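K.L.:
My questions concern the predicted model and sequence given below.
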Amino acid sequence: MNDHRNTILAVILSGIVLIAWQYFFVVPQMEKQQAAQKAQQQVQQQAQAPNTPAPDAGQAPQPGTTPAQPSQPSQQPSPTTFVSRDAALAAAPRVKIETPRVSGSLSLKGGRIDDLSLTQYRVTVDPKSAPITLLSPSGSPQPYYAEFGWVGASGTSAKLPDANTEWKQEGSGTLTATTPVTLTYDNGEGLTFRRTITIDDNYLFTIKDDVTNNGSAPVTLYPFALISRHGTPHVEGFYILHEGMIGVLGDQGLQEVTYKVADEKKSLSFKVTNGWLGLTDKYWAATLLPDTTANLQARFSSTPVGTSKNYQADYLLDAQTIAPGATGTAGARLFAGAKETPLIDAYDKQLKLNRFELLIDWGWFYFITKPMFWAIDYLYRLVGNFGIAILLVTVLIKLIFFPLANKSYASMAKMKNVQPEMMALRERYPDDKVKQQQEMMALYKREKINPVAGCLPILIQIPVFFALYKVLFVTIEMRHAPFFGWIKDLSAPDPTNLFTLFGLIPYDPSQVPVLGHYLVLGIWPIIMGITMWVQMKLNPAPPDPTQKMIFDWMPLIFTFMLASFPAGLVIYWAWNNTLSVIQQGIIMKKNGAKIELFDNIKSTFARKPQS
């Protein structure tokens, strides 16, 4: 009865693992490839289209008694077309942005921040590859920009600056960490607008908007800020990672809205205090960080523009009535850059934001994931290699759980010692399973054996495994982090492949229909599979043939399953298996249990006698 139950349990668990891997990894990978092909086709179609500028779809939020309602852009009679990014940049006068970490420009047309590259991050592991482009102007193939300003109250006829307004720069010069830039605009009707933009040494822009009323009547205006992104962005498509609209909005807490949900809902509005919001990718983000005491009419929206979509995160502040001769002032902040953990935490603390740390998707195991990152990052600063840091963290985890693992392996050793008695009980009561079970439980109690102790090391490893997977997958610090030899990026799969004889055969087997995902098997996954197989061979084979078959095939199944996972995770698993073999061997010897590792390995390859 117990054997059959264990067999059924093993089959169910193996099935769950395989189904989960198929659902959460293989299917998203297929969708990712399909999305990449579709995006490539769209780019090719855009390249063949006439070079006419795309319509500007960014819309300032409109005031009202309820949170801002979406302002519908005019529908275009024909598909949206684009000019090149360089041509879009050249279409308006610009002010250069230059700091040690970013470069780009802001447009005097509309006063937008719409051209930003992250100079310390590259598209590929090649340090000579192009820097990451984060923001792009309207009219380019992938517009993505931030805009700030004022909208009038209902019935206000004052001429206000908009996306087509030509601002003037006071003086000349470049926006740097030490030199701010000031823009001005006079509407010719008594209102003078002045915008001062500063940037720190990293990715934080601070915008101060002043409006002076030189007219004879008071005017009521609402300050606003928005981040607009045209076209549906390409996303990684993994269940464990959020990409899309994000914010922590007062008492309503963390809001994560995917582009698909935004398309369905059209508009999501919030009336809150102490909030921030924006758009996030896997490693990069653009977010609005208003004053924590400000009352926000915040919104996430998706609006159709021709054949495309415009995704926007915006907010509207309380109205200001500016008397004649007076000046109204509004402040705003924009984070546009890489989601570096120490920097995000520093901004969170420095600006007293509402959990800005959640801009990085730490997941459900936050209480394990973030401490693990800090441990790996601390060790990295000591040894200078994230791979070595992962190996050292594995040793620390082993030490932390050593007492529990010790008891587990000791119980397994005792079970190995009573194996002959267990076989004798099966032979004594071959047809009375109830009596056999009773006698075995009495044997366990007499020898102080916990029959489920062998599961404890695996159960301990599961949350640690997922936490490390999350760290490798979402933290930018792991992006393009090398190990040794052929591993140039710990966050990417092992680039070698057994099915190309490790590069000798010039073809990509992953493109083979149906089976392609299973034809990717690098050196480190093979090493991991061997260490797992050796660990299983340290224990005697299960007496039940079905159970034995499952355990025999499990290392091979896991080898193929982990082949497409980040190399850092596979290296961790292989190293953890090696430490477990050493630890288990020492404990078995200490408890007088015979170590049959080499005997079990030898029996695996021995020729079976013919019946």
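P.N.:
That came through fine.
K.L.:
that's a helix at Ser117, yeah?
P.N.:
No: looking at Ser117 with DSSP: H, G, I helix; E, B strand; the rest coil, it is strand, so not inside a helix.
K.L.:
ok, the closest residue to it other than its chain neighbours - contacts?
P.N.:
Distances taken as Cβ to Cβ, 6 or more residues apart in numbering place Pro131 nearest to Ser117, at 4.6 Å, with adjacent residues excluded. C-betas here are computed from N, CA, C, even on glycine. By Cβ atoms under 8 Å, 6 or more residues apart in numbering, the contact list for Pro131 reads 103, 117-123.
K.L.:
rerun at 10 Å
P.N.:
102-103, 117-123 (Cβ atoms under 10 Å, 6 or more residues apart in numbering).
K.L.:
Arg101 versus that one, what's the distance?
P.N.:
10 Å (Cβ to Cβ, to the nearest Å).
K.L.:
between those two, what contacts are shared?
P.N.:
What both Pro131 and Arg101 touch, as defined by Cβ under 10 Å, 6+ apart, is the set 117-121.
K.L.:
quick check: domain ranges of this protein?
P.N.:
Domain assignment of the chain by automatic domain parsing yields the ranges 53-60+88-359, 370-605.
K.L.:
ok, back up a step: looking at the contacts of Pro131, spot the one nearest Lys407.
P.N.:
Among the contacts of Pro131, Tyr121 lies closest to Lys407 (Cβ to Cβ), at 46.4 Å.
K.L.:
is it true that that closest one touches Glu477?
P.N.:
No: using Cβ atoms under 10 Å, Tyr121 is not in contact with Glu477, being 11.4 Å away.
K.L.:
Next, show the common contact partners of those two.
P.N.:
What both Tyr121 and Glu477 touch, as defined by Cβ under 10 Å, 6+ apart, is the set 283, 338, 340.
K.L.:
so where is the stretch 101-250 of the chain shaky, pLDDT-wise?
P.N.:
Within the stretch 101-250 of the chain, no range satisfies pLDDT under 70.
K.L.:
What's opposite Val151 in the beta bridge?
P.N.:
Beta bridges link Val151 to Tyr222, judged by DSSP bridges.
K.L.:
Which of the three states applies to Ser138?
P.N.:
coil.
K.L.:
Could you report the neighbour count for it?
P.N.:
If you count neighbours by other Cβ atoms under 10 Å, Ser138 ends up with 26.
K.L.:
That one against Ala91, yeah?
P.N.:
Yes: shown here, Ser138 and Ala91 form a contact pair, counting by Cβ under 10 Å, at 9.2 Å.
K.L.:
hey, which helix or strand in the chain has the poorest pLDDT?
P.N.:
Across the helices and strands of the chain, the lowest-confidence element by mean pLDDT, DSSP states H and E is helix 27-48, at a mean of 43.
K.L.:
pLDDT score for Ala49?
P.N.:
Per-residue pLDDT puts Ala49 at 38.
K.L.:
nope, Ile388 is what I was after
P.N.:
So, for Ile388, pLDDT stands at 95.
K.L.:
do the same with the one 5 residues further on
P.N.:
Val393 is assigned a predicted lDDT (pLDDT) of 92.
K.L.:
chain center to stretch 307-323, what's the gap?
P.N.:
What separates the centre of stretch 307-323 from the centre of its chain is 28 Å, taken as Cα atoms, centre = their mean, to the nearest Å.
K.L.:
Any buried residues in it, and which?
P.N.:
Neighbour-count burial for stretch 307-323, counted by 16 or more other Cβ atoms under 10 Å, picks out 308-317, 320, 322.
K.L.:
and these as JSON lines, adding secondary structure, pLDDT and distance to Leu289?
P.N.:
What follows is the buried residues of stretch 307-323, written out as JSON lines (DSSP: H, G, I helix; E, B strand; the rest coil; pLDDT from 0 to 100; distance: Cβ to Cβ, whole Å):
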{"residue": "Ser308", "secondary structure": "strand", "pLDDT": "83", "distance to Leu289": "28"}
{"residue": "Lys309", "secondary structure": "strand", "pLDDT": "90", "distance to Leu289": "25"}
{"residue": "Asn310", "secondary structure": "strand", "pLDDT": "93", "distance to Leu289": "22"}
{"residue": "Tyr311", "secondary structure": "strand", "pLDDT": "96", "distance to Leu289": "19"}
{"residue": "Gln312", "secondary structure": "strand", "pLDDT": "96", "distance to Leu289": "17"}
{"residue": "Ala313", "secondary structure": "strand", "pLDDT": "97", "distance to Leu289": "12"}
{"residue": "Asp314", "secondary structure": "strand", "pLDDT": "96", "distance to Leu289": "13"}
{"residue": "Tyr315", "secondary structure": "strand", "pLDDT": "97", "distance to Leu289": "10"}
{"residue": "Leu316", "secondary structure": "strand", "pLDDT": "96", "distance to Leu289": "16"}
{"residue": "Leu317", "secondary structure": "coil", "pLDDT": "96", "distance to Leu289": "13"}
{"residue": "Gln320", "secondary structure": "strand", "pLDDT": "94", "distance to Leu289": "20"}
{"residue": "Ile322", "secondary structure": "strand", "pLDDT": "94", "distance to Leu289": "25"}
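K.L.:
among those, which two are most distant?
P.N.:
Taking Cβ to Cβ, no two of the buried residues of stretch 307-323 sit farther apart than Ser308 and Ile322, at 37.4 Å.
K.L.:
Show me the beta-bridge partners of the residue nearest to Ser117.
P.N.:
Note on Pro131: beta-bridge partners by DSSP bridges are Arg122.
K.L.:
how close does it get to Val125?
P.N.:
Counting by Cβ to Cβ - Pro131 and Val125 are separated by 14 Å.
K.L.:
swap in Gly568?
P.N.:
The spacing between Gly568 and Val125, counted by Cβ to Cβ, is 14 Å.
K.L.:
what helix or strand does Leu135 sit in?
P.N.:
Assessed by DSSP states H and E, Leu135 sits inside strand 131-135.
K.L.:
An error on my part: the question was meant for Gln255.
P.N.:
Applying DSSP H and E, one finds Gln255 within strand 254-257.
K.L.:
What average pLDDT does that strand get?
P.N.:
Strand 254-257 comes out at a mean pLDDT of 95.
K.L.:
just stretch 425-438 next, same as before
P.N.:
Here the average pLDDT along stretch 425-438 is 77.
K.L.:
hang on, the earlier thing: and the strand holding Gln255, what does it pack against?
P.N.:
Applying 3 or more Cβ pairs under 10 Å, 6 or more residues apart in numbering; DSSP states H and E, one finds that strand 254-257 makes contact with strand 244-249, strand 267-273, strand 275-280, strand 295-305.
K.L.:
What pairs with it, parallel or antiparallel?
P.N.:
strand 244-249 (antiparallel).
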